[in-house]
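Enquirer: the sequence and its predicted three-dimensional model are supplied below.
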Amino acid sequence: MYMGKDETVVEHRIGTREQWLAARAELLEAEKVVIHLGDALTQRRQWLPWVPVDKQYLFDTAEGEKTLGDLFDGRSQLITYHFQFCAARATGYPGCSLMTDSLDHAIAHLNRHDVTMLFASRLPLAELDACKRRMGWSFEWVSTLGNDFGDDFGARFIAEEEVLPDTDDSHMPWCAAERESADMAEVPASLSTFVLEGGIVYHTYSCDGRGLEAFNAAYQLLDRTPRGRNLNQRPASGTQMRQHVRNGEPIKEVTQPHRSVRAL
């Protein structure tokens, strides 16, 4: 058993190498099923109808005002990540910052596959640039201030009363806590994809909540460790995330109220 800092006892099995090999072989078969299901889901995503984007959106960028079509930057596919920014603290929400660390350096590889990826938030461009410099990020971050892009493609297209239990964010305590704060004028984090064909921009896919977890490298690695994401290890003090800061500024310890992990 493991005694955590909060003296919580975490039970686990002790076994022989032979027992481990047998259990691992059984788990491998289950993992293969999930992998094949994931392949099938990928095909279904790619077969979603393309919806023409008729509404005009103007974005404030480092190169001046741009339309949605301009954001493709010469490529035929576009991924936008709506970064949830906390204006009151002049910083990104911890969950978005953790996700961004995983995505920043992957963008160059996406570019080679005819995909442009950028981040968007409903704040003045100067504030976004300041945060990007402080965090040492290199991606393009555009401002949606003055347009409805975040609302229209925020992925929360289900009416509030129709949200299913599986769509809540109790697995992400910082998000759940922040959404109860006064800062929720900001659109929650989400990811959307678009394609440009024949001069027409089409919306093809959107996701948010747990749909974003696949892009978080830290979560994927923690899920392979025996103690997982540690979301229920410190009920007294809450879940802690370290939000790195560069350029000589100290690393900030971000603590959010604890919520227990919810089963899938």
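Expert: Yep, it's here.

Enquirer: list the helices and strands the top helix by length along the chain packs on?
Expert: In the chain, taking DSSP state H as the definition, the longest helix is helix 17-46. If contacts are counted by 3 or more C-beta pairs under 8 Å, 6 or more residues apart in numbering; DSSP states H and E, helix 17-46 sits against no helix or strand. Where you see a C-beta, it was placed from the backbone N, CA and C, and this is true even at glycine.

Enquirer: looking only at pLDDT, what's the mean for it?
Expert: Here helix 17-46 scores 97 as its mean pLDDT.

Enquirer: OK, contacts around Thr80?
Expert: Leu71, Met117, Leu118, Phe119, Ala120, Phe149, Phe153, Leu191, Ser192, Thr193, Phe194 (C-beta atoms under 8 Å, 6 or more residues apart in numbering).

Enquirer: repeat that for Leu68.
Expert: Val53, Gln56, Tyr57, Phe59, Leu78, Phe149, Phe194, Val201.

Enquirer: pretty sure Gly228 sits in a helix.
Expert: No - assessed with DSSP: H, G, I helix; E, B strand; the rest coil, Gly228 is coil; it does not lie in a helix.

Enquirer: distance of it from Leu212?
Expert: 18 Å (C-beta to C-beta, to the nearest Å).

Enquirer: who's more crowded, those two?
Expert: Leu212 (21 against 13; other C-beta atoms under 10 Å).

Enquirer: in terms of helices and strands, where is Leu98?
Expert: Element membership of Leu98, judged by DSSP states H and E, is helix 94-103.

Enquirer: after that helix, which helix or strand is next?
Expert: helix 107-111.

Enquirer: buried ones in stretch 112-127?
Expert: Val115, Thr116, Met117, Leu118, Phe119, Ala120, Ser121, Arg122, Leu123, Leu125, Glu127 (16 or more other C-beta atoms under 10 Å).

Enquirer: show me those residues that map onto helices.
Expert: Per DSSP H, the subset of the buried residues of stretch 112-127 in helices is Leu125, Glu127.

Enquirer: dump the buried residues of stretch 112-127 to a markdown table, plus distance to Arg44 and pLDDT.
Expert: Conversion of the buried residues of stretch 112-127 to a markdown table gives the following (distance: C-beta to C-beta, whole Å; pLDDT from 0 to 100):
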| residue | distance to Arg44 | pLDDT |
| --- | --- | --- |
| Val115 | 19 | 98 |
| Thr116 | 24 | 98 |
| Met117 | 22 | 98 |
| Leu118 | 26 | 97 |
| Phe119 | 26 | 95 |
| Ala120 | 26 | 95 |
| Ser121 | 30 | 92 |
| Arg122 | 31 | 90 |
| Leu123 | 34 | 89 |
| Leu125 | 36 | 95 |
| Glu127 | 38 | 91 |
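
Enquirer: closest one to Asp208 out of the buried residues of stretch 112-127, please.
Expert: When those are compared for distance to Asp208 (C-beta to C-beta), Ala120 wins out at 13.6 Å.

Enquirer: surely the closest one and Ile79 touch.
Expert: No - Ala120 is not in contact with Ile79 according to C-beta atoms under 8 Å; the separation is 10.7 Å.

Enquirer: just name whatever secondary elements the helix holding Leu98 is in contact with.
Expert: Counting contacts by 3+ C-beta pairs under 8 Å, 6+ apart, helix 94-103 is packed against strand 77-82, helix 173-178, helix 217-222, strand 239-243.

Enquirer: and the angle from it to strand 77-82?
Expert: 150 degrees (axes from the mean of the first three to the mean of the last three C-alpha atoms, to 10 degrees).
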